[in-house]
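**Q** the sequence isn't on hand, but the structure is:
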Ligand code: SAH
Ligand code: F3S
């Protein structure tokens, strides 16, 4: 009765937090299982960034709560951002939930589950819902070692082919930027950074177990360590961290997400020229191309400044890949203002973009702004940008045909028939290979592409 399934909604931070919870539970003797239908404990790690994400998790929780009628011992927990955002009020809609644990209390989940199990084993009914959404000093330091010993690429019979090639490393929790639309400062709390030495030690131990690519994670990574470390020779703590990770033997590629445009000072831009492991891919959230909307959003840069950052990065790395986040239909966004977004979006020639229709988040400043935009207008603006993105992506893919890209082989693809890996520009590739190549960087000749995937042939003798 200790089989746990964790279902994760939302961003990479959530994925990472779920991995950490799974690792803690495993070390307490719980079994982490892949099947939601075949578990004794179901934990939903939730997202609040848009209303749709919350509704999805609530719908799911309502649906699985019925299982408690048949099996009173079944445990249902809600973790993460929506737990933090809504707390005990979730019980109005979901009275059967056993556990509501916020974003600073993930490390308490094993204790709470142990307590629930002990009560049940003693024949006591599972009583009141446990609700813990308190703040906890130092909680950013609890999201660390996470990869299961057996994590890695699996073969068709579930056998371990090779250790995991890439890993997320949490460097920071929370955000203090207070963008007017964003619930994250509420759900994730104050910006708190992990000590640089701890992060470097974690990356070293990941490298020792075969990890080749790390993605440094945080809500606003470019602000990493700003309260804990000083600039040295004009180099920010974040870039100092990149330098130290770059120096670790065995780590071959470095990525990070998410930065803030404000963080792209000269030290970071130049880092792309001198840190050879830092991949030429950057996610640079633009949100809007209108100065008036940016200001209303409390985003401290102009469209000109944004454009300048893109150009300075392309000057250092002409082959730089860009992705972005855009919100369409922010309160008061006029057709002309959207047109400015469209124009800047087109000019930046993104390889990938996440385009969001503005979603009212109660408790954020934008929720109370007048002039909310009708859904049909948001829908139209969304479609316009998606169309541009599709064309960009097709153009970029067409330019890659016939070229040779460095691909880091990650493991079998979904079908188990071929292999998958990514280019330094973060493009997913599918190709024929052998398990012994997992974890290696190999040349791939690009032969075909779909909107999001490249297909090709490895350029190796004997493969
Ligand atoms: N720095 C964080 C941002 C989290 S939110 C990170 O990427 O990890 C991710 C994106 O969701 C934002 O960049 C923004 O484009 C979008 N978003 C945030 N709040 C939103 C809202 N209320 N409506 C629509 N999109 C939103
Ligand atoms: Fe949200 Fe803005 Fe921070 S998007 S996570 S408040 S930088």
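**A** Done, it's in. All values reported here derive from a predicted model rather than from experimental measurement. Ligands and ions are numbered 1, 2, ... in the order given.

**Q** okay, now the residue nearest to residue 305 when sequence neighbours are not counted: neighbour count?
**A** Excluding its sequence neighbours, the residue lying closest to residue 305 (Cβ to Cβ, 6 or more residues apart in numbering) is residue 261, at 7.2 Å. Backbone N, C-alpha and C define where each C-beta goes, glycine included. Residue 261: 21 surrounding residues under other Cβ atoms under 10 Å.

**Q** now for residue 261: which residues touch it?
**A** Going by Cβ atoms under 8 Å, 6 or more residues apart in numbering, residue 261 touches 284-286, 299, 301, 305-306, 309.

**Q** next one: residue 43
**A** Counted by Cβ under 8 Å, 6+ apart, residue 43 has contacts 4-7, 21, 77-79, 99, 109.

**Q** what does the stretch 301-450 of the chain put close to ligand 1?
**A** By Cβ under 6 Å from any ligand atom, the part of the stretch 301-450 of the chain that sits against ligand 1 consists of 325, 327, 356, 358-359, 361.

**Q** switch the cut-off to 8 Å
**A** 325-327, 354, 356-361, 364, 366 (Cβ under 8 Å from any ligand atom).

**Q** okay, now residue 401: neighbour count?
**A** 13.

**Q** what sits closest to it if chain neighbours are left out?
**A** Counting by Cβ to Cβ, 6+ apart, residue 446 is the residue found nearest to residue 401 once chain neighbours are left out, at 5.6 Å.

**Q** does that neighbour touch residue 407 like I think?
**A** No: counting by Cβ atoms under 8 Å, residue 446 stays clear of residue 407, with 9.6 Å between them.

**Q** joint contacts of the two?
**A** The contact lists of residue 446 and residue 407 share residue 429, where a contact means Cβ under 8 Å, 6+ apart.

**Q** who has more neighbours, the two?
**A** Of the pair residue 446 and residue 407, residue 407 is the one with more neighbours under other Cβ under 10 Å, namely 28 against 22.

**Q** JSON lines please, covering the contacts of residue 261 and showing secondary structure, neighbour count and pLDDT.
**A** Output for those, formatted as JSON lines (DSSP: H, G, I helix; E, B strand; the rest coil; neighbours: other Cβ atoms under 10 Å; pLDDT from 0 to 100):
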{"residue": "284", "secondary structure": "coil", "neighbour count": "21", "pLDDT": "97"}
{"residue": "285", "secondary structure": "coil", "neighbour count": "20", "pLDDT": "98"}
{"residue": "286", "secondary structure": "coil", "neighbour count": "25", "pLDDT": "98"}
{"residue": "299", "secondary structure": "coil", "neighbour count": "22", "pLDDT": "98"}
{"residue": "301", "secondary structure": "coil", "neighbour count": "19", "pLDDT": "98"}
{"residue": "305", "secondary structure": "helix", "neighbour count": "14", "pLDDT": "98"}
{"residue": "306", "secondary structure": "helix", "neighbour count": "24", "pLDDT": "98"}
{"residue": "309", "secondary structure": "helix", "neighbour count": "22", "pLDDT": "98"}
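
**Q** which residues touch the nearest residue to residue 141 once chain neighbours are set aside?
**A** Spatial nearest neighbour of residue 141, excluding adjacent residues (Cβ to Cβ, 6+ apart): residue 194 at 5.7 Å. Shown in contact with residue 194 (Cβ under 8 Å, 6+ apart): 140-141, 144, 170-172.

**Q** from residue 229, how far out is residue 194?
**A** 12 Å (Cβ to Cβ, to the nearest Å).

**Q** get me the contact residues on the stretch 151-300 of the chain for ligand 1.
**A** So the stretch 151-300 of the chain meets ligand 1 at 175, 179, 181-184, 217-220, 257-258, 260, 283, 285, 287 (Cβ under 8 Å from any ligand atom).

**Q** on that earlier part again, A strand includes the residue nearest to residue 401, no?
**A** Yes: assessed by DSSP: H, G, I helix; E, B strand; the rest coil, residue 446 belongs to a strand.

**Q** related to what we said a few turns ago, out of the contacts of residue 43, which is nearest to ligand 2?
**A** Taking Cβ to the nearest ligand atom as the measure, ligand 2 lies nearest residue 79 of the contacts of residue 43, at 18.7 Å.

**Q** ok so the closest one is a helix residue?
**A** No: in this structure, residue 79 is strand, not part of a helix, as judged by three-state DSSP.

**Q** mind listing what it touches?
**A** Going by Cβ under 8 Å, 6+ apart, residue 79 touches 17, 21, 43-46, 99, 101-102, 106, 109.

**Q** what subset of the residues you listed is buried?
**A** Buried members of these, counted by 16 or more other Cβ atoms under 10 Å: 17, 21, 43-46, 99, 101-102, 106, 109.

**Q** which of the contacts of residue 79 fall within helices?
**A** The helices, defined by DSSP state H, take in 17, 21, 109 from the contacts of residue 79.

**Q** touching, residue 280 and residue 319? I think so.
**A** Yes: Residue 280 is in contact with residue 319 according to Cβ under 8 Å; the separation is 5.6 Å.

**Q** common neighbours of the two, please.
**A** By the contact definition Cβ under 8 Å, 6+ apart, residue 280 and residue 319 are jointly contacted by residue 425.

**Q** bridging residues for residue 283?
**A** Here residue 283 sits in beta bridges with residue 323, as judged by DSSP bridges.

**Q** wait, what's in contact with it?
**A** 257-259, 322-325.

**Q** for it, give me the pLDDT.
**A** You'll see residue 283 listed with a pLDDT of 97.

**Q** same deal with residue 147?
**A** Residue 147 carries a pLDDT score of 64 in this model.

**Q** for the helix or strand harbouring residue 26, name the packing helices and strands.
**A** Per DSSP states H and E: residue 26 is located in helix 12-27. Applying 3 or more Cβ pairs under 8 Å, 6 or more residues apart in numbering; DSSP states H and E, we find helix 12-27 packed against strand 3-8, strand 31-32, strand 41-46, strand 75-80, helix 109-121, strand 166-170, strand 213-217.
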